[in-house]
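Q: Any chance you can model this:
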Amino acid sequence: MTESPYPMIPIKEALSLIERHVQRLPAISLPFEQTLGLVLAEDIVAVEPMPPFPASAVDGYAVVTEDGSGWHEIVGDQMAGYIADLEVTSGTAVRVTTGAPIPLGADAMIMIEETAEQDGRVNIKTDPIEAGAYIRPIGLDIEQGQIVLYTGTQLGPAELGLLATVGCTEVKVYRRPVVAIMSTGDEIVEPHETPQRGQIRDSNRFTLMNLVKQTGATVLDMGIIRDKQYQLEQTIEAGISQADLLLTSGGVSMGQLDLVKPYFAQRGTIHFGRVNTKPGKPVTFATVDGVACFGMPGFPVSALVSFEIFVYPALRAMMGHTDCHHPRQKAMLQHTFRHALHRTEFHRVTLYRNQQGQLTATSTGFQGSGRLLSMVGANGFVILPHGQADYEAGAIVEAVLLETV
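A: All right, here's what the predicted structure looks like:
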């Protein structure tokens, strides 16, 4: 048997090598409405307070506190969107809508539910009246000069709304990585094609493309590449010239037609070519002309799990995130998990919390590397470290959460 020239390295070492060789992408300026999911590359400072004027928090009447309860003459209306030429003096009141400026002289608002109006007068029933009641002072929400969003913040709907609030219409963000994705092999065909004898439909490319899209990166589909040296080299070069990260599927094991690793080695540096993990042992990480290249195993589950463990943090780092990995928590096994002791396994599971709030894990069934069904319904992995055989029900292990549980 031919031995692989690549040593089997621990998962932790593989992740350290990725972290060392994957760089954050440069920052660019974009209109804020185009930045959903991106990470800020600058602090956002409010140049004005919010609200910029004392504003009413309710629909009601602006009054002078010292007047107390009783009847007040209504001297006008203050609606939102402008400042009326009105002043509240002793014995008077002004109708004010929610969000509208507080008229001069008033120092409290009375909710409309606590009043009765008749013949141009309003009876204030609140007693005593508290100074400042239902008035939002200048800068209550945001002070002038306040940092409202910090560098490293991922921009979601609330953050985009905040940018609009402070009038920040263009922001610096770390740009989306472009990820070139290709499948290799004479045995695979497109999903719309009918496989001939010895062929299967390509699922890896579509799994990987959608995993990449979920991270917020941009996909460049390079298609299916046959096991021909020239075609493979051409496509890899095209991917490297257009993308920030290259993902290949298949062609990284020890067969005669496994051509990806040798070309990565010829063109760049292979940082690792085997990892002590199940599934995904032959996963490969290289850099070519400064572009991060991942050679993913051909088995569908191996490719998917390898992406979540190795490629996902690389893409997150490129996008400027500081928390690059999926969260991990301790989980209790609900039943016995069979395990080969020589490799660390990422076992696909359904994670949920029991009545005591304990995170628990149930296997998704047969864990074959070709059985994509083992990922359907899975919302995490449990990590079964090498060095121990089977794990019994009730054992506490570390779990990788792919979703919030």
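Q: the strands in the stretch 151-300 of the chain, which residues?
A: Assigned strands in the stretch 151-300 of the chain, in chain order: 170-174, 178-184, 188-189, 200-201, 218-225, 245-249, 269-272, 277-278, 284-288, 291-296 (criterion: DSSP state E, counting those that start in this stretch).
Q: contacting residues around F366?
A: F366 makes contact with S374, according to Cβ atoms under 8 Å, 6 or more residues apart in numbering. Glycine gets a C-beta too; all of them are placed from N, C-alpha and C.
Q: Which helix or which strand is home to it?
A: Here F366 sits in a region with no helix or strand, counting by DSSP states H and E.
Q: Distance-wise, check it relative to M375.
A: Distance from F366 to M375, counting by Cβ to Cβ, to the nearest Å: 12 Å.
Q: give me phi/psi at L373?
A: Phi and psi for L373, reported as degrees, to the nearest 10, are phi -60, psi -20.
Q: In this structure K330 contacts V400, no?
A: No - in this structure, K330 sits apart from V400 without contact. The criterion is Cβ atoms under 8 Å, and the distance is 11.7 Å.
Q: Settle it for me: which of these two has more neighbours?
A: In this view K330 and V400 are compared by other Cβ atoms under 10 Å, and V400 has more residues nearby, 21 against 11.
Q: The more buried one belongs to a strand, doesn't it?
A: Yes - with DSSP: H, G, I helix; E, B strand; the rest coil as the criterion, V400 is located in a strand.
Q: Give me the residue ranges of the protein where confidence is low.
A: Within the chain, the set of residues satisfying pLDDT under 70 comprises 1-2, 253-257.
Q: Domain-wise, how is it divided?
A: The chain is divided into the following domains under automatic domain parsing: 11-25+176-318, 38-49+145-174, 55-136, 328-401.
Q: okay, those in JSON lines with distance to P5 next?
A: As requested, those are arranged in JSON lines below (distance: least, Cβ to Cβ, whole Å):
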{"stretch": "domain 11-25+176-318", "distance to P5": "7"}
{"stretch": "domain 38-49+145-174", "distance to P5": "36"}
{"stretch": "domain 55-136", "distance to P5": "69"}
{"stretch": "domain 328-401", "distance to P5": "19"}
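Q: Out of those domains, which gets nearest to S4?
A: For the domains of the chain, proximity to S4 was assessed by Cβ to Cβ; domain 11-25+176-318 is nearest, at 5.9 Å.
Q: distance between the ends of the closest one?
A: Using Cα to Cα, to the nearest Å, the gap from the first to the last residue of domain 11-25+176-318 comes to 20 Å.
Q: Centre of the chain to that domain, how far?
A: The chain centroid and the centroid of domain 11-25+176-318 are separated by 22 Å, computed with Cα atoms, centre = their mean, to the nearest Å.
Q: Please consider this matter closed, and thank you.
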